[in-house]
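Enquirer: Here you go, sequence then predicted model.
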Amino acid sequence: MTGTSTNYTGRQLDVELLQRVARPVDQRVFPSVDAVDQSGPGMCSGMQKTVQRFAKLLLTELGSVKGGPEVGGELMSLVRTGTMSTEAYMRFMIEVSSKNAVDVMELDDLDGRFGATPDDERLVGTQLVSLLVDEAKGEASAVIRLETAAGTDYRFIIPVATGRSAA
């Protein structure tokens, strides 16, 4: 993938918890403890790390992290319990949750204990590109565009079960 560095000099590395993201964009992102080629989890940096950090913050339910009850947000609680009353409300909550995730990442990036964050890992903005809601299946897919300080952007799809279905 363009945007994934293999030169790890001076970088903080993360264990890869999402399957490897790759071009073309508009790829579903989901947790995976093993690579697609069964080679085991790897290390990640660059855009892969940025997508992983953002998705983790966006999808973590507030209060669900022991020792970090302030981590996360309300988005997944609302989605999981089926209390999103309209598609417009879901769009609003995704935008708010995305902004909150960016704010948390910016604060983390300013923490001098971890050194300088490379531009290709410093998220500067997000945009909800599209939202598809299938009430019959109880599913929603959000396409979100991330932009880094290096000018790299990446669009990915987050599929979620909405907790509601017509059946």
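Expert: Cool, the structure landed. Residues are numbered from 1 along each chain as shown.
Enquirer: now the strands for this structure?
Expert: Shown for the chain, the strands assigned by DSSP state E span residues 14-15, 27-28, 43-44, 123-134, 139-148, 153-161.
Enquirer: in this protein, which ranges drop under the pLDDT threshold?
Expert: Applying pLDDT under 70 to the chain flags residues 1-42, 161-167.
Enquirer: Take the strands of the chain and write them to TSV, including distance to G67 and mean neighbour count.
Expert: For the C-beta atoms, the positions are set from N, CA and C on the backbone; glycine is no exception. Conversion of these to TSV gives the following (distance: least, Cβ to Cβ, whole Å; neighbours: other Cβ atoms under 10 Å):
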stretch	distance to G67	mean neighbour count
strand 14-15	18	14
strand 27-28	30	15
strand 43-44	23	19
strand 123-134	24	15
strand 139-148	27	19
strand 153-161	25	17
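Enquirer: would you turn these into JSON lines with distance to A55?
Expert: Converted to JSON lines, the strands of the chain look like this (distance: least, Cβ to Cβ, whole Å):
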{"stretch": "strand 14-15", "distance to A55": "12"}
{"stretch": "strand 27-28", "distance to A55": "11"}
{"stretch": "strand 43-44", "distance to A55": "12"}
{"stretch": "strand 123-134", "distance to A55": "11"}
{"stretch": "strand 139-148", "distance to A55": "9"}
{"stretch": "strand 153-161", "distance to A55": "7"}
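Enquirer: closest to S64 out of those strands?
Expert: When the strands of the chain are compared by Cβ to Cβ, strand 153-161 sits nearest S64, at 15.1 Å.
Enquirer: tell me the centre residue of this structure?
Expert: Geometric centre of the chain, nearest residue: A55, 1.5 Å, by Cα atoms, centre = their mean.
Enquirer: That residue touches V160, doesn't it?
Expert: No. With contact defined as Cβ atoms under 8 Å, A55 does not reach V160; the gap is 11.1 Å.
Enquirer: Can you check which helix is longest in the chain?
Expert: Scanning the chain for the longest helix, with DSSP state H as the assignment, gives helix 87-109.
Enquirer: Return the distance of that one from the chain's centre.
Expert: How far helix 87-109 lies from its chain's middle: 10 Å, per Cα atoms, centre = their mean, to the nearest Å.
Enquirer: contacts for that helix?
Expert: Contacts to helix 87-109, defined as Cβ atoms under 8 Å, 6 or more residues apart in numbering, come from residues 53-54, 57-58, 71, 73-75, 78-79, 84, 114, 117, 122-126, 128, 131, 133, 140, 142, 144.
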